[in-house]
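**Q** Sequence and predicted model, in that order:
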Amino acid sequence: MRKQLSLQPRIKDTGSPRLAGYNFAYLDEGTKRMIRRAILKAVAIPGHQVPFGSREMPLPLGWGTGGIQVTASVIGPDDILKVIDQGSDDTTNAVSIRRFFTQTTGVRTTEKTREATLIQTRHRIPETPLGPEQIIIFQVPIPEPLRFLEPREVETCKMHGLAEYGVMYVKLYEDISAHGRIATAYNYPVMVHHRYVTSPSPIPRFDNPKMDRMPALQLFGAGREKRIYAIPPYTTVKSLDFEDHPFEIEKWDHCCALCGSSESYLDEIVTDDQGGRLFVCSDTDYCEERRVAGHKSAPPDTVKLAITRLKRGK
Amino acid sequence: MSIQDEEPLLKAVGVTKYFGSRVGCRDVSFDLWPGEVLGVVGESGSGKTTLLSSLSRHLEPSAGSVKYCMEQEGLVDVASLSEPQRRRLMRTEWGMVRQNPREGLRMRVSAGANVGERLMALGARHYGKIRSEVLNWLDRVEIDTSRVDDSPETFSGGMLQRLQIARNLVTRPRLVLMDEPTGGLDVSVQARLLDLLRSLVSDLELSLIIVTHDLAVVRLLAHRLLVMRNGEVIESGLTDQVLDDPHHPYTQLLVSSVIQP
Amino acid sequence: MEPMILIENLQKSFFLHLQGGLNLSILNGIDMEVYTGECLALSGPSGSGKSTLLRLLYANYKVHGGSILLKHQGQWIDMARAEPRKVLEIRKLTIGYVSQFLRVIPRVPALDLLMEPLRRLSVPVQQARDQAEAMLMRLNIPERLWGISPTTFSGGEQQRINIARSFMNPYPIMLLDEPTASLDATNRRVVIEMIQEAKSRGTAMVGVFHDEEVRDAVSSRTFDMTNQ
């Protein structure tokens, strides 16, 4: 095991004081044990949703309570936590959740992916590849990938149990017949370990390939729906597709305006009212790291041409 | 003649279903051969739908057995199949056409997806091939192929029923159970549907069990007939013989009650 | 000449529950034989059971006593006791029936109706169509009607379709119930010809003919149903 999990919360001086009156990481130890049991089950059956007794958290449902409960159950005083939302460390949600953990655990936090031992995320997987010592925890709104076509829980349970996934391909078929291609942009369903169809959470399809045989442990928590699932390290994760319409990730015509990366997921930012826009890496830490290393964006051709003309003119 | 022609496709013995102390159907026995259409007639409450549900195992029979000759395995007792096996059976060798087509279709996906679903459930993974199979079947049931991507919500009752039939037949089942397939349809639409069923039965060597209260439907489609009343089979035999020479008083009543236009 | 039909002590009555339990005894123990190449005409007043006997032979009615033996594929089968599946096989291969009324199936064109008996025997489509067309021409059905369902045909036209359909397949046994009713002289003659051809083919036929001209032209023997 990477670290000892003890019943007694160790109060170690990490520099940030913990809020008095709360147990380490907010949840009581009994709850943490219940959630860890669910996590163990989930790890033992990759991609299978395990019900758990989701608790009241000081955040409303739909704001990441599942992810928070999973993090709270595995976090220890020696962990280094990174929290991102849509790839960024400084959006409101990421800030709130990070502060919550600082106040209830006192653990060190970081914005650097490479430094973190635990990464809680909403809607993105970091660009920097994760290592075997890391755990990534996803916030999941709807854990059931079949829910959109089959509203009955009893029926979806049976379908997973019997591996009856025809209906999932119906959805992909519908996409192709309506749009000419599989149009699902995020929450693109995957087959985990050749057995369970799983929702990867609303990450863009761009991130799906990162899940395949990832060295880090991937945990998924859905607080409102009360489900936990997991993908153990080095597990095969394959995005569903048709033989004649294979899975493809998004591509951009641009590279990042700040660091010049043409490999990362780009956010489009509207800069003015005249239609000006900028494409920048959604993963802020990744972009920062590249800039620090000296990468710059290549200026657009029109600008290059202008510079050349200017030089000639001199 | 293949071996399967010498063995019945379906063997029902003493099928009985009680609802508490009330009889749903009692002691129904019959054999069904490949390519044969069996009609089950009777008025509301006669037990015919209960019989159908007991055969398809939507209801668990109180007594009796249903044996089906599977393609690979031969004659098996349907009760001995595990649930995954039975669900697979209902999606491959058997079909079920319900009286209300909305219950037998996915109304929120396109017509084409409805027809292709079973293929995809069985592992078909080539979009182009699935689509051409789907178009082929829509054509077969006389639905304009340009409607392939339309929602079934835009279909008429007759079209929905034909779509349901296509959805069931795409896996080339050997036995199809039908509950009042022409219920609620206009007369001309009925005629079209019956004609379609007639040709499908002969082209595909389908066996059908049709439950209906409409004697004209069985006259046209069924080779043999079971007449049910109060849960029991009171008369059975060749369709034309039961309808032209009815013996049981209830059968005589039933036959004479049909209003001739 | 060999026997194709052997009827022994055939009994049939109707119990009409709806008429207060009225028991109509129609046949009281008939014995009859029919041989290849002959046409046996049933005679007798109306109500004597002529049509009933034909229907019993076809297993359209149920027998109450006695037996009806038919030569089917070289074997003797008792129609009175045969399994429904066997009866359907016999109707497909051995015995044809011309009734007085054509049961009309909406939407099925006349040509397809005629092709059906052959298609059921796996005769190739083109051959079946050619034979059907030849038959339609013989019975003077205008070509414009071939692709239309007989629902809208006149009584005579419907009857000709009926006959045509029954004569498509050369059955070893044929039952004819007033085949020329509602036909004009020309078409009556065509039907007489067809029956005579069947006879010379060796078909065993049993018929009810009210038309004397037809009866005299085709029947080899008569069987009087009065007091049977």
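**A** Nice, thanks for sending it over.
**Q** could you list every residue that touches residue 51?
**A** Defaulting to chain A. With contact taken as CB atoms under 8 Å, 6 or more residues apart in numbering or on different chains, A:P51 is in contact with A:38, A:226-227. Yep, even glycine has a C-beta here, placed from its N, CA and C like the rest.
**Q** Oops, wrong one, chain B.
**A** B:15, B:17, B:24-25, B:28, B:40, B:211, B:228.
**Q** residues near the residue of the stretch 1-150 of chain A found nearest chain C, how many?
**A** Across the stretch 1-150 of chain A, the shortest distance to chain C (CB to the nearest CB) belongs to A:L149, at 36.9 Å. The burial count assigned to A:L149 is 19, neighbours taken as other CB atoms under 10 Å in any protein chain shown.
**Q** longest single helix anywhere in chain C?
**A** helix C:185-201 (DSSP state H).
**Q** Can you list which of the contacts of A:P51 are found in strands?
**A** Members of the contacts of A:P51 lying in strands (criterion: DSSP state E): A:R227.
**Q** element containing A:G221?
**A** Under the criterion of DSSP states H and E, A:G221 resides in strand A:217-222.
**Q** what's the answer for C:N227, then?
**A** According to DSSP H and E, C:N227 maps onto no helix or strand at all.
**Q** and what of C:I163?
**A** Judged by DSSP H and E, C:I163 forms part of helix C:155-168.
**Q** for that helix, packing partners?
**A** On a contact count with 3 or more CB pairs under 8 Å, 6 or more residues apart in numbering or on different chains; DSSP states H and E, helix C:155-168 meets strand C:95-98, helix C:110-120, helix C:125-138, helix C:185-201.
**Q** Touching the helix or strand just after it from outside, list them.
**A** Toward the C-terminal end, the helix or strand that comes next after helix C:155-168 (DSSP H and E) is strand C:173-177. With contacts defined as CB under 8 Å, 6+ apart, strand C:173-177 is touched by C:4-5, C:34, C:51, C:54, C:57-58, C:70-71, C:94-100, C:166, C:195, C:198, C:203-209.
**Q** returning to that earlier point: so which of the contacts of A:P51 reach chain B?
**A** Residues shared between those and the neighbourhood of chain B: none [CB under 8 Å from any CB of the partner chain].
**Q** Could you export the contacts of A:P51 as CSV, including pLDDT and neighbour count?
**A** Formatted as CSV, the contacts of A:P51 follow (pLDDT from 0 to 100; neighbours: other CB atoms under 10 Å in any protein chain shown):
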residue, pLDDT, neighbour count
A:A38, 98, 24
A:K226, 97, 19
A:R227, 97, 23
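**Q** Which residue ranges of the stretch 1-150 of chain B form strands?
**A** With strands called from DSSP state E, counting those that start in this stretch, the stretch 1-150 of chain B shows them at B:10-19, B:22-32, B:37-41, B:63-70, B:74-77, B:94-97.
**Q** sorry, back to before: wait, which of the helices and strands packed on helix C:155-168 is closest to chain B?
**A** Across the helices and strands packed on helix C:155-168, chain B has its closest neighbour in helix C:110-120 (7.5 Å, CB to the nearest CB).
**Q** Give me the buried positions along that closest one.
**A** Under the neighbour-count criterion of 16 or more other CB atoms under 10 Å in any protein chain shown, helix C:110-120 has C:110-119 buried.
**Q** Quick one: name the residues of chain B near chain A.
**A** B:83-84, B:87, B:106, B:108-110, B:112-113, B:116-118, B:120-122, B:124-128, B:130-131, B:148-149.
**Q** Could you measure from B:L160 over to A:V170?
**A** According to CB to CB, to the nearest Å, B:L160 and A:V170 sit 18 Å apart.
**Q** Restricting to C-alpha, output the helix holding C:I163 in PDB.
**A** The C-alpha trace of helix C:155-168 is given here as PDB (Å, rounded to 0.1, in the frame of the first residue of the first chain):
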ATOM      1  CA  GLY C 155     -70.100 -13.300 -59.900                       C
ATOM      2  CA  GLY C 156     -69.200 -15.200 -63.100                       C
ATOM      3  CA  GLU C 157     -65.700 -13.800 -63.200                       C
ATOM      4  CA  GLN C 158     -65.100 -14.700 -59.500                       C
ATOM      5  CA  GLN C 159     -66.400 -18.200 -60.200                       C
ATOM      6  CA  ARG C 160     -64.000 -18.600 -63.100                       C
ATOM      7  CA  ILE C 161     -61.100 -17.500 -60.900                       C
ATOM      8  CA  ASN C 162     -62.200 -20.000 -58.400                       C
ATOM      9  CA  ILE C 163     -62.200 -22.800 -60.900                       C
ATOM     10  CA  ALA C 164     -58.900 -21.700 -62.500                       C
ATOM     11  CA  ARG C 165     -57.300 -21.800 -59.100                       C
ATOM     12  CA  SER C 166     -58.400 -25.300 -58.300                       C
ATOM     13  CA  PHE C 167     -57.300 -26.600 -61.700                       C
ATOM     14  CA  MET C 168     -53.900 -25.100 -61.600                       C
END
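**Q** so the residue of the stretch 1-150 of chain A closest to chain C touches A:V170, yeah?
**A** Yes - applying CB atoms under 8 Å as the test, A:L149 and A:V170 come out as touching, 6.7 Å apart.
**Q** Report the set of residues contacting both of those two.
**A** What both A:L149 and A:V170 touch, as defined by CB under 8 Å, 6+ apart, is the set B:106, B:109.
**Q** Backbone torsions only: list them for the closest residue to chain C within the stretch 51-200 of chain B.
**A** Of all residues in the stretch 51-200 of chain B, the one sitting closest to chain C is B:A191 (4.2 Å; CB to the nearest CB). Main-chain torsions, B:A191, degrees, to the nearest 10: phi -60, psi -40.
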